[in-house]
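Peer 1: below are the sequence and a predicted model; questions follow.
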Protein chains: 2
Amino acid sequence: MPKRASGYIMYLTIYGADAQRIFMAKDSNDKQFVKDIADMTVDFPQWYTDVVLKTQLVDYGPVKGTMVIRPYGYEIWERIQAELDARFKATGHKNAYFPMLIPYSFLTKEAEHVEGFAPEVALVTHVGKNELEEPLVVRPTSETIICSMYAKWVQSYRDLPVLINQWANVVRWEKTTRPFLRTSEFLWQEGHTLHATEEEAREETLRMLEIYRSFMQDVLAIDVLTGVKTEKEKFAGAVETYSMEAMMLDGKSLQAGTSHYLGNNFASAFEIKYLDKDGQLKNPYQTSWGVSTRLIGALIMAHGDQRGLKLPPRVAPIQVVIVPVAVHKEGVLEKANEIFSSLKAEGVRVELDDRDQSPGWKYNEWEMKGVPVRIEIGPRDIENGAAMVVRRDTHEKKLVPLGELTSAIPTLLDEIHDNMFRQSHDFLHSHIAVCHDMDEMAKALDERNFVKAMWCGCRECEDKIKEQLAATSRVLPFDQTPVGDKCVCCGKPASKVLYFAKSY
Amino acid sequence: MPKRASGYIMYLTIYGADAQRIFMAKDSNDKQFVKDIADMTVDFPQWYTDVVLKTQLVDYGPVKGTMVIRPYGYEIWERIQAELDARFKATGHKNAYFPMLIPYSFLTKEAEHVEGFAPEVALVTHVGKNELEEPLVVRPTSETIICSMYAKWVQSYRDLPVLINQWANVVRWEKTTRPFLRTSEFLWQEGHTLHATEEEAREETLRMLEIYRSFMQDVLAIDVLTGVKTEKEKFAGAVETYSMEAMMLDGKSLQAGTSHYLGNNFASAFEIKYLDKDGQLKNPYQTSWGVSTRLIGALIMAHGDQRGLKLPPRVAPIQVVIVPVAVHKEGVLEKANEIFSSLKAEGVRVELDDRDQSPGWKYNEWEMKGVPVRIEIGPRDIENGAAMVVRRDTHEKKLVPLGELTSAIPTLLDEIHDNMFRQSHDFLHSHIAVCHDMDEMAKALDERNFVKAMWCGCRECEDKIKEQLAATSRVLPFDQTPVGDKCVCCGKPASKVLYFAKSY
């Protein structure tokens, strides 16, 4: 993205009405932020980098492409983990842990799989000074090693279904990396299940996609498009890959999670067989599904603004910060502590900032760090029996009687969540352009939209769109109501509805 | 350990009064277990292997020395994690995540550290077909990479203390491996803290040791000896290593956790410097501390018996199993379900086993799996308004009125915990032999004791004891009240009290 002059008029020129939405926080106060954080309308990637580094979510590791997840970022991941883990367990899944080092030969057993992953796998060849007989792959994903164990464990139809999830680190050597979005090593969960029938496995694939989708809505406050990937874009070794695609504030798509129906591709390659009720030996049907630390990148780019992070309340490490004003005045710190204790007792993640800094400095700091609610409390507030409550999402300020704070805050956090989701939903749905030819598509992409179009089904058109417009196919949505009858690319008869977008 | 004939008389001959303690479960019913699980008095290592495999805690991975932690084992780890994590956070620590791949050059910066770890590190040399410029070490521990980041983050005394913990996998290539106890890859937590003064860092080192010790007591029901390691046995790069040592049922010691005072060895090697209040640039003082999946091995070998596992209630994945008797009889399953629901509502981890198997088969299965409490409920019990409650630890059976079950069970789980800890405590303290010369020591070790003895302080004596008696020094206890005045090995004047033991 080229550097451009900044200024509010320019934003309107460049982005039209969007600027209103993206930069609703833009007021005279914002100048001081702009000098610390790159202007998001001018250089969105730099804005992202500035925000993740300055808020201490993450840092670069010493090896190229690696990241250090700092405490403020890791706490978000811990909440993502806890929320997802509870949902996995509620649907009958259990966690396990499989070795990270995989014999190279395993990778080669499934033909598409090795083709997809071999170029980017890290190989352990030596221990100390001794060369290993066979190089070991640092897992880029665990289908192969898990299948090798399932082949031992599964003998009879009574052993099915197998519903196992793993929380782990994986390594994929990427050429271009960015913190959270694409790193050589990242943290994720990978579910790997086996089922007696294709129907059950397909149900599981969709069940997990729906768990991901509702998690995005209910926890990260992000609306997503769901559907199935094209052959070109599916997981290496899958029969079908379902995906959820989230729209970032720059109009690009981020693949936020995938759920794969694997058929018995891996089960037959790894000779997983069970004796069915009818006395026949059969391969079970398999699924795998995963989300990663990439989700942290998603929530930054779906919700942030020029001041920095805007964290969804349900994963925010700090939900409420209390900033005492005129802290040296009698009674202020006591009252602030009282509010702190009562909110903490209510289960709110609250912090009292009694550092030796000006209130204004603190306001900026906590806004940058994306804390959903700020409570300001000073001598006059105490006199009036009320505290100033400030929302990070809308910047609204409201005096709340002290006696009502404890009950008002949890409700307000839910309101903020709902508002953030609504904004995400509106932003996504107001940025989907139906296109009928390549010119329309080029324009819509330039204006930072997802494109909904008809597609003939051939790989050549996908390749051509990627080459000419730098956009890729995202998903074939479940609702296939046609929006035309000709392929957006070749103009031939087309019956498939497909989303395209520029993407991360 | 040589194979020996079994039989209760033999146990008494071999182990004396211990057999009573270890095999208190031994009764006529035990024959059926002995055929599945090796006799623990005859071949303790094989007993261990049989138990961990048959209870599906763990399996061997495809690469030599690796393990797969199966769901039943992983659930124990999840509870260990949750309990420890809460204790770390309550003492001000936060979690973070550092990259697993470390430039080889980092390892060499601290001289003792590289000497200790270089021979057993796994090296990534290639990505796909391309050789890397510098080989990368798969972390065997993270002091080096974490210090490289701390050097960036810490500038001023205001940045101290740094209190960070990491949950991660590590790889150390071991020649002899056993599931949980010593595996090429294992899961652990590693705390890494920086402090302005030596005093604060030393306090932290001991604080974390005490957190580990009390966790062992309050959660795993295992008593331990604590103290400081000798120079020979300390962590590669530490000034001092504190350790807790747990006694396994075969009289061997298992190092269950360590807390290191690192001085500024790493801080100066990695040039971590902060500007102190006095305007001077200084190296901070450092600690690191860790426990691992080895703890699962510890609880198996500290509590198990001939029937299998005996899980401490606070980490047992299933605390109570309900086995309906005469399940087809009217009302039995309903009543069992009712008990199940009321216990579940009480927060008890309960399972109802309504599989199509005989009650006796189920009793054996759940005893092998170490479930602390079994509830048997049949038509006659329902008539009498009571259920049979059976303890795994003592095999006591007791009729409990149905109306009292919900309140009785949580209390009983605490009683079981307390009893298991008391047994561990008594076993440990009745197996410490004070020795004054090598002959006494040889005999005491043969009789499966820890040895408490005076030591002159020289490395040669430690080496000689290892060579001649296959025992190593474990810890110098905090209570250094002398038990003599001559070294147990060389007979020269000695003022240090030191524990020795055979060990895992």
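Peer 2: Yep, that arrived. Numbering: from 1, shown residues only, chains lettered A, B, ... in the order given.
Peer 1: could you use CA atoms for every contact and neighbour count after this?
Peer 2: Noted.
Peer 1: so what's A:Ser243 bridging to?
Peer 2: With DSSP bridges as the criterion, A:Ser243 is bridged to A:Gly227, A:Thr258.
Peer 1: looking at it, it is touching A:Met208, isn't it?
Peer 2: No: A:Ser243 is beyond contact range of A:Met208, at 10.5 Å (criterion: C-alpha atoms under 8 Å).
Peer 1: what sits against A:Tyr444?
Peer 2: Careful, residue A:444 is Ala; it's not Tyr. A:433, A:435, A:450-451 (C-alpha atoms under 8 Å, 6 or more residues apart in numbering or on different chains).
Peer 1: cool, A:Ala326 as well?
Peer 2: By C-alpha under 8 Å, 6+ apart, the contact list for A:Ala326 reads A:332, A:378-379.
Peer 1: any chance of those residues in a markdown table, plus secondary structure and pLDDT?
Peer 2: What follows is the contacts of A:Ala326, written out as a markdown table (DSSP: H, G, I helix; E, B strand; the rest coil; pLDDT from 0 to 100):
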| residue | secondary structure | pLDDT |
| --- | --- | --- |
| A:Val332 | helix | 96 |
| A:Gly378 | coil | 96 |
| A:Pro379 | helix | 95 |
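Peer 1: relative to B:Gly237, which of these is nearest.
Peer 2: Closest approach to B:Gly237 among the contacts of A:Ala326 (C-alpha to C-alpha): A:Val332, at 48.3 Å.
Peer 1: so who does that closest one touch?
Peer 2: A:Val332 makes contacts with A:324-326, A:377-379, A:382, as judged by C-alpha under 8 Å, 6+ apart.
Peer 1: do A:His113 as well
Peer 2: A:107, A:236-237.
Peer 1: quick check: A:Tyr499 touching A:Leu476?
Peer 2: Yes: using C-alpha under 8 Å, A:Tyr499 is in contact with A:Leu476, at 6.3 Å.
Peer 1: shared neighbours, these two?
Peer 2: Residues touching both A:Tyr499 and A:Leu476 (C-alpha under 8 Å, 6+ apart): there are none.
Peer 1: nearest to chain B, out of the contacts of A:His113: which one, please.
Peer 2: Nearest to chain B out of the contacts of A:His113 is A:Leu107 (C-alpha to the nearest C-alpha; 12.0 Å).
Peer 1: nearest residue to the closest one other than its sequence neighbours?
Peer 2: Spatially, and ignoring its direct neighbours in sequence, A:Leu107 is nearest to A:Val114 (5.4 Å; C-alpha to C-alpha, 6 or more residues apart in numbering or on different chains).
Peer 1: what about that neighbour, which helix or strand?
Peer 2: Assessed by DSSP states H and E, A:Val114 sits inside helix A:111-117.
Peer 1: which parts of that helix are buried?
Peer 2: By neighbour count with 16 or more other C-alpha atoms under 10 Å in any protein chain shown, helix A:111-117 contains the buried residues A:113-114, A:117.
Peer 1: hang on, the earlier thing: same list, the contacts of A:His113, but as CSV with secondary structure please.
Peer 2: Supplementary listing: these in CSV, determined by DSSP: H, G, I helix; E, B strand; the rest coil:
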residue, secondary structure
A:Leu107, helix
A:Ala236, coil
A:Gly237, coil
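Peer 1: coming back round to it: for the residue nearest to A:Leu107, what are its contacts?
Peer 2: Here A:Val114 is in contact with A:107-108, A:236 (C-alpha under 8 Å, 6+ apart).
Peer 1: which of those residues are buried?
Peer 2: Of the contacts of A:Val114, these count as buried by 16+ other C-alpha under 10 Å: A:107-108, A:236.
Peer 1: among those, which one sits closest to B:Val42?
Peer 2: A:Leu107 (42.2 Å).
Peer 1: show the contacting residues for A:Ile382.
Peer 2: A:Ile382 neighbours (C-alpha under 8 Å, 6+ apart): A:332, A:335.
Peer 1: oh, that last question was meant for A:Asn419, not what I typed.
Peer 2: So A:Asn419 contacts A:Asp393 (C-alpha under 8 Å, 6+ apart).
Peer 1: same deal with A:Trp153?
Peer 2: So A:Trp153 contacts A:Asp159 (C-alpha under 8 Å, 6+ apart).
Peer 1: can you pull the phi/psi pair for it?
Peer 2: Backbone torsions of A:Trp153, given as degrees, to the nearest 10, read phi -80, psi -30.
Peer 1: residue closest to the middle of chain A?
Peer 2: Centre of chain A computed as the mean C-alpha position; nearest residue by C-alpha atoms, centre = their mean is A:Leu295, 2.2 Å away.
Peer 1: what kind of secondary structure is the closest residue to that residue other than its chain neighbours in?
Peer 2: Sequence neighbours aside, A:Ala256 is the residue nearest to A:Leu295 in space, at 6.2 Å (criterion: C-alpha to C-alpha, 6+ apart). With three-state DSSP as the basis, A:Ala256 sits in strand.
Peer 1: and A:Ala256, how many residues sit next to it?
Peer 2: Using other C-alpha atoms under 10 Å in any protein chain shown, A:Ala256 has 24 other residues around it.
Peer 1: then A:Gln286?
Peer 2: A:Gln286 sits with 31 neighbouring residues when counted by other C-alpha under 10 Å.
Peer 1: tell me what it is bridged to.
Peer 2: A:Leu194, A:Gly263.
Peer 1: list the contacts of it.
Peer 2: Contacts for A:Gln286 (C-alpha under 8 Å, 6+ apart) come out as A:192-195, A:201, A:261-264, A:266-267.
Peer 1: check A:Ile146 too.
Peer 2: Counted by C-alpha under 8 Å, 6+ apart, A:Ile146 has contacts A:98, A:192.
Peer 1: so what pLDDT did it get?
Peer 2: Listed pLDDT for A:Ile146 reads 98.
Peer 1: what's the helix or strand for it?
Peer 2: helix A:143-153.
Peer 1: again with A:Val390
Peer 2: Element membership of A:Val390 [criterion: DSSP H and E] is strand A:386-391.
Peer 1: which other helices and strands contact the helix or strand immediately after that strand in the chain?
Peer 2: Using DSSP H and E, the helix or strand that follows strand A:386-391 towards the C-terminus is strand A:397-401. Packing partners of strand A:397-401 (3 or more C-alpha pairs under 8 Å, 6 or more residues apart in numbering or on different chains; DSSP states H and E): strand A:386-391.
Peer 1: tell me what angle the strand it packs on forms with strand A:397-401.
Peer 2: Interaxial angle of strand A:386-391 relative to strand A:397-401 (axes from the mean of the first three to the mean of the last three C-alpha atoms, to 10 degrees): 140 degrees.
Peer 1: in stretch A:358-372, what counts as buried?
Peer 2: Within stretch A:358-372, the residues scored as buried using 16+ other C-alpha under 10 Å are A:359, A:362-372.
Peer 1: just the ones of the contacts of A:Val332 in strands?
Peer 2: Under the assignment DSSP state E, those contribute A:324, A:377 to strands.
Peer 1: which among the contacts of A:Val332 end up buried?
Peer 2: Using 16+ other C-alpha under 10 Å, the buried members of these are A:324-325, A:377-379, A:382.
Peer 1: so which of those is the closest to chain B?
Peer 2: A:Pro324 (20.9 Å).
Peer 1: can you pull the contacts of the residue nearest to the closest one when sequence neighbours are not counted?
Peer 2: Using C-alpha to C-alpha, 6+ apart and skipping residues adjacent in sequence, the residue nearest A:Pro324 is A:Ile377, 4.9 Å away. Applying C-alpha under 8 Å, 6+ apart, we find A:Ile377 in contact with A:322-325, A:332, A:335-336, A:387-388.
Peer 1: contact residues of chain A facing chain B?
Peer 2: Counting by C-alpha under 8 Å from any C-alpha of the partner chain, chain A comes close to chain B at A:61-63, A:66-71, A:73-75, A:94-103, A:118-129, A:145, A:148-149, A:164, A:173, A:185.
Peer 1: thank you kindly, that will do.
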